[in-house]
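In: Any chance you can model this:
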Amino acid sequence: MLYDLEGKGYISDWLTIARELQRISRIQPVIYSQSPFPDVKKASADAEQVLYSLAWGKTFDFCERIYTYLAQDVLHGYEKSELVKEKREVQKYIANEIERLFLEENLAFEFSDGVVRRRGRRHTEDTATRAQVVMGDSRLNESRKHYVKALHFFRSSTSPDYENCVKEAVCAVEAAGKALFPASKAATLGDLAKWFLKTNDYEIPKALVKTIEGIYAYRSGGNGVGHGGAEGGVATLEVAEYILSVTASQIIYFVEIEGLNDEIPF
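Out: Got it, this is the predicted structure:
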């Protein structure tokens, strides 16, 4: 891919590519000869050698640097250069190529907006996207902030934090519930669940209330989550993704049932 990008003029020359890889890998930079001609052959060979030795985390860093730093406008001509392709078009091409490679190699990551993120299952991604749409309601600003943080902790390619992912996802549900149902006067998600069981304003099946109580209990009791109880179990990748999906569905459900009471009967 690098040979393709460099050949098209979409990214900087091999000397710049090699130096960037050396910087990322924290090895002694090579000073390449520029006279009478740039030592492109040695630079490309060095770049290949470093790239093959990079750890996955640093490889992902390099993918992001290709997009942000190495990508460039494509110009034609010398004395009167003509802009052939803008950098943003080049970046779109690069993003598609990197994402294609990730898919071909069945990596658990995706490349979007110039950033490597952990790829969730399609259902989780679809539900999270829909939840973020409904959280466009100004009343759900705090809820959206928590959920975005949860996604950030989950998607980090180098240091995912599943405990804080769970914590923030549950906080998102709690914030949504408190904002949409002020009559509950709930201080916590647990209080809101109790109110749902008592109120006649909303008909919420008890089994669904149990799921709300369940994620609140896990946040309070999971190892390293919330108050850090020892009985809730460790927040693994699988647990974090499950919580992301469930909490997104709960926020969507809250918005829908709250909206039912706002409808005008005819």
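
In: hey, let's count contacts and neighbours off CA atoms from now on
Out: Fine.

In: okay, now A217: neighbour count?
Out: When counting by other C-alpha atoms under 10 Å, one arrives at 16 neighbours for A217.

In: Let me see the ranges of the helices in the stretch 101-250 of the chain.
Out: Secondary structure of the stretch 101-250 of the chain, counting by DSSP state H, counting those that start in this stretch: helices at 122-134, 141-155, 162-180, 189-198, 206-221, 237-260.

In: Any chance of JSON lines for those, columns mean pLDDT and distance to D113?
Out: What follows is the helices of the stretch 101-250 of the chain, written out as JSON lines (pLDDT from 0 to 100; distance: least, C-alpha to C-alpha, whole Å):
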{"stretch": "helix 122-134", "mean pLDDT": "83", "distance to D113": "15"}
{"stretch": "helix 141-155", "mean pLDDT": "93", "distance to D113": "13"}
{"stretch": "helix 162-180", "mean pLDDT": "95", "distance to D113": "21"}
{"stretch": "helix 189-198", "mean pLDDT": "94", "distance to D113": "34"}
{"stretch": "helix 206-221", "mean pLDDT": "88", "distance to D113": "31"}
{"stretch": "helix 237-260", "mean pLDDT": "91", "distance to D113": "21"}
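
In: Quick one: closest of those helices to V116.
Out: helix 141-155 (8.0 Å; C-alpha to C-alpha).

In: buried set for that closest one?
Out: By neighbour count, with 16 or more other C-alpha atoms under 10 Å as the criterion, the buried positions of helix 141-155 are 142-155.

In: Run the chain-centre distance for stretch 13-26.
Out: The chain centre lies 26 Å from the centre of stretch 13-26; the measure is C-alpha atoms, centre = their mean, to the nearest Å.

In: Only C-alpha atoms, please: export it in CSV.
Out: These are the backbone C-alpha positions of stretch 13-26, laid out as CSV (Å, rounded to 0.1, in the frame of the first residue of the first chain):
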residue,chain,number,x,y,z
ASP,A,13,8.7,10.6,-0.3
TRP,A,14,10.4,7.5,1.1
LEU,A,15,12.9,9.6,3.1
THR,A,16,10.1,11.2,5.0
ILE,A,17,8.3,7.9,5.4
ALA,A,18,11.4,6.1,6.7
ARG,A,19,12.1,8.9,9.2
GLU,A,20,8.5,8.8,10.5
LEU,A,21,8.7,5.1,11.0
GLN,A,22,12.0,5.5,12.8
ARG,A,23,10.5,8.2,15.1
ILE,A,24,7.5,6.0,15.9
SER,A,25,9.7,3.0,16.7
ARG,A,26,12.1,5.1,18.7
